[in-house]
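Enquirer: Kindly return the folded structure for what I paste below:
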Amino acid sequence: MIAAVEVARMTEGTNAIYSGLRVLLETVETREEAFAAIRTVLAATASDEGRRQRAHRIAVIATAQNIPLLAETMQEDQRWGDAHLAESLRIAAQRGLIGPIENPEGVAHLVSSLFIGRAVIDILRDDAADAAWLDATMAALEFHIPPKN
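Expert: Next up, the predicted model:
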């Protein structure tokens, strides 16, 4: 029961980010607006609440290593999030905001791992480090998400 509550709490935050990103990608008109929206979302998660959510996610991931039912539930959540993000990227390509992505699932997995990796930056409690992470993340995304030809 506790495991289900923890995953539900974790899933809420993840779903909100991915769903918000989907809405943004469905409404913006240019690649530049899309990347500005992504940057805005990532910058907003530099908040104390964003840090708490990432810390919670890492704690649940660590706990899931020894609790198979929790791990299974997290796997379902992760698969949903990555599939949702990959589909959002396909929608952006169909709308002509970006070029086709050879492996949208791979890009989605990369983005997921970046969110977790950001927790390392959170520990620093350094705005300059977070800003550097954001710049590097945006550069990586711009590389992996091509412009339309």
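
Enquirer: And the average pLDDT for the helix or strand hosting Ala119 is what?
Expert: Ala119 belongs to helix 104-124 when elements are defined using DSSP states H and E. The pLDDT scores in helix 104-124 average 92.

Enquirer: Check which residues of it are buried.
Expert: Buried positions in helix 104-124, judged by neighbour count with 16 or more other Cβ atoms under 10 Å: 104, 107-108, 110-112, 115, 118, 121-122. (C-beta placed from N, C-alpha, C; glycine too.)

Enquirer: Tell me which other helices or strands that helix touches.
Expert: Packing partners of helix 104-124 (3 or more Cβ pairs under 8 Å, 6 or more residues apart in numbering; DSSP states H and E): helix 48-64, helix 68-94, helix 127-144.

Enquirer: Next, the angle helix 68-94 makes with the worst-scoring helix or strand of the chain on mean pLDDT.
Expert: The weakest-scoring helix or strand in the chain, judged by mean pLDDT, DSSP states H and E, is helix 2-27 (a mean of 76). Using axes from the mean of the first three to the mean of the last three Cα atoms, to 10 degrees, the inter-axis angle of helix 2-27 relative to helix 68-94 is 0 degrees.
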